Each structure stands twice: as C-alpha cells, then as structure tokens.
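> pasting the sequence and the predicted coordinates here, then a few questions.
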Amino acid sequence: ITDGSWHDPSIWNPAGVPLSEDTVIIDHDIIVAGSHVDFAADWLIVNSSASIVSDTIFSLHGNLRNYGLIDVQHLANGDGDSTLVYGTVSGLYFSAGNPVNMNYGNITSDTLSAGANFDNFGLIDVNILTAGGPNFTNHAGAAIVVSGLCTFSTVMENQAGATMDLADLVTNGNSTNEGDIACSNWTHGSGTAGGTNGKYCIGMCFINNATISGTIDVCDATPGGFCDVQMGTIAGTVTTCATSSCISNVGLDDYES
C-alpha cells in the first residue's frame, strides 16, 4: 500500500509480510535489504509502475507476472506454472525454473539460467546464458545478445526474423536456425544443427563434433584457422557463405576489439 521495505508489515494490506498468500500484488517501490526472501504465492504480480530491488536472494515458489522492474541479486522462480516477463528483470542472476517461461520485455541480468521451457519474444541481453530445459525458442522479431558463454543443452529454435549475437556459442542438443546467429566461436558438441534458411556467422573458432544438416548457411570468417576442428558430419546441402559474408557481423569479440 506504500513504498518501503519488504520486511515492514505496515506497508502491506492486510498487515504482515507475505509468506504464503494466494496473490501478492506490488504497486509501489519495494526494497529488500540484507536478508533472504523465500515465500510461496499463487501469483506475484509486479505492476508497470512498481519495482522490487534487492541486494540478496529472492526466491519465489509460484507464478510470476512482471510488468515493472525486478532488480535483484539472485531471482529464483520455480514450483509454479509460469514466469511471464513484460517489464524488466535485471541483477546478477535470474533462474527461471517454472514449466513455462516467457519473456516479452527485457532480461538484462548478468546470468540467465533457463532450466525449463523458455520462449523469448523480447530482448535478452546478458553475460551468460545457460539453457538446459526441454525447449528454448527465440521467436521472430526477438533478439538475444550474450557477451560471454551461451550454452544450449537440449532443443533450441531460432525462428525466421530472430537474431542472436553471441561471443561463445555451445550447442549440445538438436537446434533449428531459421534466423541469424552471429558468434565469435561456435562449438557444436552433440545433436543435429539444422534448418532451411538460417545463417551462422562465425568470427574465429568453429569446432564441429556432431551433425550439421539441412540447407542452412555456415559462414566462417576465418576458415582453416588453428582452432577450426571438423570431426563431425556436415551435409552436402549445407552452404558456405552463400547469402553473404560475415565480415560486418562476426560476433561480440570483434565488435569490442
């Protein structure tokens, strides 16, 4: 009912810090300082004019719908059905562990860990992205920027019109690329990387230990380099720099050099 500390019972209606409520609605600016927040709720709803700012761990066992700002050191969300981001999530670490996780806004945490199904319709701009859930989809018009390591351990889809701009990409599962993926280094460790119209632009190291198929285009800006290793299978239908070269879009390391 007013701005203040999460731990102050007087700012809540009914009075008392949320522990296990059906729905918790944030309409103000809430500060969490010093102590770990760990609670269960059917829904935690942060409205567009509201915020939660924390310098510690904020654990939600339930569903999250964020229209405002959540800027916490470590946001852990699980044990519910869905995590829906329409506003901004920032901070050091965001762990999205509900069965359904969707981003329509901006995730700018240092690290994003997607432990379940994840759909990106907005912007993800992080240092580290780890996707270990059953499916990760970057939808048409969405963008992912990763300045460090990006790892997809299971099924990944980058749709037509979607972009990924990555430093180090590791794929250890089946992936479908119909959009544009630019990276400094790509290690394809296992599974099949395929698609029909997508493009991979690799600035430096290209290591393939698995299968690349379909009619995707794989363009290595520095072919035959000391860190280019081909121990897998590349189908004859895969093209090499057929649509355009990678000179103008070869990954974050090259932009920053």
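Arrived safely, thanks for sending. Treat the numbers as computed from the prediction; the structure is a model and nothing was measured.

> distance from the chain centre to the host helix or strand of Cys219, please.
Element membership for Cys219 (DSSP states H and E) is strand 217-220. Strand 217-220 has its C-alpha centroid displaced from the chain centroid by 24 Å (CA atoms, centre = their mean, to the nearest Å).

> send the alpha carbons of that strand over as CSV?
C-alpha atoms of strand 217-220 as CSV (Å, rounded to 0.1, in the frame of the first residue of the first chain):
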residue,chain,number,x,y,z
ASP,A,217,24.4,-21.4,-44.4
VAL,A,218,27.5,-21.7,-42.2
CYS,A,219,30.0,-18.9,-42.8
ASP,A,220,33.4,-19.0,-41.0
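
> got a list of contacts for it?
The contact list for strand 217-220 (CB atoms under 8 Å, 6 or more residues apart in numbering) reads 198-202, 206, 212, 228, 234, 238-246. Quick note: C-beta positions are derived from backbone N, CA and C, even for glycine.

> buried members of those residues into ChimeraX, please.
The buried subset of these, as determined by 16 or more other CB atoms under 10 Å, is captured in ChimeraX by this line:
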select :198,199,200,201,202,206,212,234,238,241,246
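
> in strands, which of the contacts of strand 217-220 fall?
Lys199, Tyr200, Cys201, Ile202, Phe206, Ile212, Ile234 (DSSP state E).

> now for the residues you listed: which two are most distant?
The widest separation within the ones in strands among the contacts of strand 217-220, taken as CB to CB, falls between Cys201 and Ile234 and amounts to 16.0 Å.
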